[in-house]
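# Prediction below, plus the sequence it came from.
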Amino acid sequence: MNKNKVLTLINPKFLKGVAHRGLHNEKFSENSILAFKNAIDNDCAFELDVHLSKDKQLIVCHDSTLKRVTNKDGVIEELTLEEIKNKYQLSDGSKLPTLEEVLELNEEKVPMVIELKPYKKNYKELAKKVSLALKIVKDKRNVILISFYPQCLLPFKKEKYIRCLLLLYKRKYLYCLRHIFEGLDVEYTFFKNNKYQKMNKNKLILTRTINDEESLALAKKYADSPTFENLDLKSVRD
């Protein structure tokens, strides 16, 4: 699918910047309901990460391990939703949300980037649960699906969501898979190599994680939209 076609299939708000793990700050924890509400209140697209709990519920959190964000040991995929809700909380005092809770909060007010985070090759199970959760989405232009794992994105081809393969520069050999998906979400260091500076000519290109002026300048020059954090929203949009 050519880039011009892809651009008609996404909400234009994606192109104004995507808040990484929600619009979090010192008050609002990453991937928290408060961070997502902050993004919504600022009319900003946001990104989140989803894992599959032991009882097959979609938990929003960046890491499988909970120590960093809750200061308590635990692995999402080895815990039930009830255990996660009752025994863990984020630094802002809130509970880890489910994907369904975030979808209900947002009601498609702003577009969302959803990253699928598999665990021990549970690609199909994770994709199936995300697909079911997204049944409530009325306008598929409001969702972009991303993952480092092609196996998580392939099942969504027939569902007509825009899919972006995540790429790290140290794993740039996966760039050869770019033709399989509608877009790419690349580490900004790709743009320091002139070989990759024209990626966005024919492909939708998101880039991450933009958290300083140098990386923001690269993103604005060579990508279609930055996934950012710890930056003033005005500077991202200017």
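Cool, the structure landed.

# which residue ranges form the helices in the protein?
Applying DSSP state H to the chain gives helices spanning 3-8, 33-41, 67-70, 81-87, 99-106, 123-133, 150-153, 213-222, 233-237.

# Between those, which one is closest to L177.
helix 150-153 (6.1 Å; CB to CB). Placement of C-beta: from N, CA and C, glycine included.

# For burial, what's the neighbour tally of the residue nearest to L126 when sequence neighbours are not counted?
Spatial nearest neighbour of L126, excluding adjacent residues (CB to CB, 6 or more residues apart in numbering): L52 at 4.9 Å. Residues near L52, counting by other CB atoms under 10 Å, number 23.

# now N25
14.

# where does it fall, phi/psi-wise?
Per-residue torsions, N25: phi -160, psi -160 (degrees, to the nearest 10).

# Pass me the low-pLDDT residue ranges in the protein, would you?
For the chain, no stretch has pLDDT under 70.

# one step back: in JSON lines: the helices of the chain, plus mean neighbour count and distance to L174.
Formatted as JSON lines, the helices of the chain follow (neighbours: other CB atoms under 10 Å; distance: least, CB to CB, whole Å):
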{"stretch": "helix 3-8", "mean neighbour count": "13", "distance to L174": "19"}
{"stretch": "helix 33-41", "mean neighbour count": "21", "distance to L174": "29"}
{"stretch": "helix 67-70", "mean neighbour count": "15", "distance to L174": "26"}
{"stretch": "helix 81-87", "mean neighbour count": "15", "distance to L174": "31"}
{"stretch": "helix 99-106", "mean neighbour count": "17", "distance to L174": "25"}
{"stretch": "helix 123-133", "mean neighbour count": "17", "distance to L174": "15"}
{"stretch": "helix 150-153", "mean neighbour count": "20", "distance to L174": "8"}
{"stretch": "helix 213-222", "mean neighbour count": "16", "distance to L174": "19"}
{"stretch": "helix 233-237", "mean neighbour count": "13", "distance to L174": "27"}
